[in-house]
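> Sequence and predicted structure are below.
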Amino acid sequence: MSDVDPSKKVADRYLRREVLGEGTYGVVYKAIDTKTGQTVAIKKIRLGKQKEGVNFTALREIKLLKELKDPNIIELTDAFPHKGNLHLVFEFMETDLEAVIRDRNIFLSPADIKSYLQMTLKGLAICHKKWVLHRDMKPNNLLIGPNGQLKLADFGLARIFGSPERRFTHQVFARWYRAPELLFGTKQYGSGVDVWAAACIFAELLLRRPFLQGSSDIDQLGKIFAAFGTPTTSQWPDIVYLPDYVEYQYVPAPPLRSLFPMASDDALDLLSKMFTYDPKVRISVQQALEHRYFSSVPLPTDPEKLPRPAPKKEPKVPDFNPHEGPTVLSPPRKSRRVMPGRDGFEGIALQGDKDDNNVGDNTGKNDPASTSIDFSIFGLQPPNRPTINSADRSHLKRKLDLEFQQPE
Ligand SMILES: Nc1ncnc2c1ncn2[C@@H]1O[C@H](COP(=O)(O)OP(=O)(O)OP(=O)(O)O)[C@@H](O)[C@H]1O
């Protein structure tokens, strides 16, 4: 047993460094895990004014993500509440696929493209096996580590925190990866939405630019129809039952080869199966991985040999020594971000709390989340004030056991 006071475990654990960026769910910081000396990325998710903090469904999902360990899925190493925010701690990744695709100094060979797509599909396959959908696949959610391994990030967050609303200009690009059934307003969708998005990423790797760049949902459908022809009821019988379905003027499909002149026949065959209109007929991720595209020459490049952007220059900060006290750095400039009011997560998120260099003091003070979460039963970092009584706990545990057995 460790002689460290468990209530201080989180308190002194993460030392915040610079802001890495901001996404749909909040700001992401680089930080040092003082326990291991490792660099980590911490996603700070504002819980809004919800008195009860994170709901149990969210916790169950977070536990599920924590258990999803795979070389092609970003590892969630820790989760804890702090000052009304939920902090998710991930392994730190150097770059992402969007940076690779946009970097004009990088030449991507057919074998490199195959390797990046294979890693994407391998990560997706594991998640689909565990009944988790991504729902927000795009190149900047595919992170790349120092050994060239591509890992899926932001998995399951849509289900935990609600589907991202694309109110902010930096998020509208996600539309380009949306499957037609989503654009037609379906509420009942499955793993096919991730296959469609993966196909868009495959196309983007081939073209080195986003393939279907719609400026609105209608325009997105227009771009899809222009590429693959207007779907007919013989191709997609259920299309007429979709909530936002309206009949479009028929346009025929141009030959796929004319859109991807440089792609191999195998690549085009896989692409057309991933871009199948009817989600019931669309190839699954597992079937895609078994497609001859991956076993024919050229074989996928070894991840370590994949071209990647030159590493960004690190800001000058003293090296961290786990045996010395943490060096306190200035917090980043305070910035504000309006969070969409949905699924109970609302309000204005303040980023860069003034006294927040050490992330997670674990005192539970001013921390609405810590009043309601028993993290310990989920195998996460415990807050120091669990308030679930034992009757609630066993009821909840029974409920979770049941839910785990029933894929949604
Ligand atoms: N594990 C990580 N390692 C290194 N950088 C990360 C990590 N996770 C996220 N980032 C960076 O933090 C920034 C914000 O990421 P986040 O995933 O929150 O949003 P996003 O992917 O940019 O947008 P969206 O939320 O709309 O998908 C991005 O620049 C991203 O590259």
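Ah, there it is.

> Which parts of the stretch 51-200 of the chain are strands?
For the stretch 51-200 of the chain, applying DSSP state E, counting those that start in this stretch gives strands covering 76-82, 85-91, 95-96, 142-144, 150-152.

> let me redo that: the stretch 201-350 of the chain
Assigned by DSSP E, counting those that start in this stretch, the stretch 201-350 of the chain shows strands spanning 335-342, 345-351.

> Read off the pLDDT value for whichever residue of the chain sits closest to the ligand.
Using C-beta to the nearest ligand atom, the closest approach of the chain to the ligand is made by G23 at 2.0 Å. No exception for glycine: its C-beta is placed from N, CA and C like everyone else's. For G23, the model assigns a pLDDT of 80.

> State the number of residues packed around it.
A total of 20 residues lie near G23 under the criterion other C-beta atoms under 10 Å.

> what's the model's confidence in stretch 134-154, averaged?
Average pLDDT, stretch 134-154: 92.

> Report the buried residues of it.
By neighbour count on 16 or more other C-beta atoms under 10 Å, the buried set for stretch 134-154 is 134-145, 148-154.

> now for it, what's the gap between its first and last residues?
In stretch 134-154, first residue to last residue: 7 Å (C-alpha to C-alpha, to the nearest Å).

> cool, stretch 269-281 as well?
End-to-end distance for stretch 269-281, by C-alpha to C-alpha: 14 Å.

> Can you tell me what sits against that stretch?
Residues outside stretch 269-281 that contact it (C-beta atoms under 8 Å, 6 or more residues apart in numbering): 179-181, 189-190, 192-193, 195-196, 198-199, 202-203, 227-228, 231, 235-239, 256, 260, 263, 282-283, 287-288, 291-293.

> try 7 Å this time
With C-beta atoms under 7 Å, 6 or more residues apart in numbering as the test, stretch 269-281 has contacts from 179-181, 189-190, 192, 195-196, 198-199, 202-203, 228, 231, 235-236, 256, 282-283, 288, 291, 293.

> Dump stretch 100-113 to PDB, restricted to CA.
Taking C-alpha atoms only, stretch 100-113 is exported to PDB below (Å, rounded to 0.1, in the frame of the first residue of the first chain):
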ATOM      1  CA  VAL A 100      -0.500  15.200 -41.700                       C
ATOM      2  CA  ILE A 101      -3.000  15.600 -44.500                       C
ATOM      3  CA  ARG A 102      -2.500  19.400 -44.600                       C
ATOM      4  CA  ASP A 103       1.300  19.300 -44.500                       C
ATOM      5  CA  ARG A 104       2.400  20.100 -48.000                       C
ATOM      6  CA  ASN A 105       6.000  18.900 -47.200                       C
ATOM      7  CA  ILE A 106       4.600  15.400 -46.600                       C
ATOM      8  CA  PHE A 107       4.300  12.900 -49.400                       C
ATOM      9  CA  LEU A 108       1.800  10.100 -48.600                       C
ATOM     10  CA  SER A 109       2.400   6.900 -50.600                       C
ATOM     11  CA  PRO A 110      -0.400   4.400 -51.200                       C
ATOM     12  CA  ALA A 111       1.100   2.200 -48.500                       C
ATOM     13  CA  ASP A 112       1.100   5.200 -46.000                       C
ATOM     14  CA  ILE A 113      -2.500   5.900 -46.700                       C
END
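
> got the buried residues for that stretch?
By 16+ other C-beta under 10 Å, the buried positions in stretch 100-113 come out as V100, I101, D103, I106, L108, P110, D112, I113.

> Likewise for stretch 267-280?
Residues of stretch 267-280 classed as buried: A267, L268, L270, L271, K273, M274, F275, T276, Y277, D278, P279 (neighbour count, 16+ other C-beta under 10 Å).

> Filter those down to the ones in helices?
Those of the buried residues of stretch 267-280 mapping onto helices are A267, L268, L270, L271, K273, M274, per DSSP state H.

> Tell me the one among those residues nearest to A31.
M274 (36.9 Å; C-beta to C-beta).

> quick one: that closest one from P243, how far?
If you measure M274 against P243 using C-beta to C-beta, to the nearest Å, the figure is 24 Å.

> same for the ligand: which of the buried residues of stretch 134-154 are within range?
Filtering the buried residues of stretch 134-154 for proximity to the ligand by C-beta under 6 Å from any ligand atom leaves D136, N140, N141, L143, A153, D154.

> who in this structure is up against the ligand?
The chain comes close to the ligand at residues 20-24, 28, 41, 43, 74, 90, 92-93, 96, 136, 140-141, 143, 153-154, 164, 171, as judged by C-beta under 6 Å from any ligand atom.

> Where does the prediction get shaky in the stretch 101-250 of the chain?
156-173 (pLDDT under 70).

> try 90 this time
Within the stretch 101-250 of the chain, the segments meeting pLDDT under 90 span 127, 130-136, 146, 154-174, 187-189.

> Go ahead and confirm T301 touches D112.
Yes - under the contact definition of C-beta atoms under 7 Å, T301 touches D112, with a separation of 4.9 Å.

> isn't F260 right up against L205?
No - at 10.6 Å, F260 and L205 do not qualify as touching, with contact defined as C-beta under 7 Å.

> So those two - more neighbours on which side?
When F260 and L205 are compared for neighbours, L205 comes out ahead with 22 against 17, by other C-beta under 10 Å.

> ok, now how distant is the nearest residue to the more buried one once chain neighbours are set aside from H82?
Spatial nearest neighbour of L205, excluding adjacent residues (C-beta to C-beta, 6 or more residues apart in numbering): I113 at 4.5 Å. The gap separating I113 from H82 is 41 Å, by C-beta to C-beta.

> residue contacts, the residue nearest to Q149 when sequence neighbours are not counted?
Nearest non-adjacent residue to Q149, counting by C-beta to C-beta, 6+ apart: P303, 5.3 Å away. Applying C-beta under 7 Å, 6+ apart to P303 gives the contacts S115, M119, N147, G148, Q149.

> now do I73
Contacts of I73 (C-beta under 7 Å, 6+ apart): G123, I126, C127, K151, L152, F155.

> now with 10 Å?
I73 makes contact with L65, K122, G123, L124, I126, C127, K130, V132, K151, L152, A153, F155, according to C-beta atoms under 10 Å, 6 or more residues apart in numbering.

> Near P210, how many other residues are there?
P210: 18 surrounding residues under other C-beta under 10 Å.

> check contacts around it.
Residues in contact with P210 (C-beta under 10 Å, 6+ apart) are E98, I101, K138, P139, F173, W176, Y177, C200, I201, A203, E204.

> anything in contact with each of F260 and L205?
Here F260 and L205 have F211, A267 as joint contacts, going by C-beta under 10 Å, 6+ apart.
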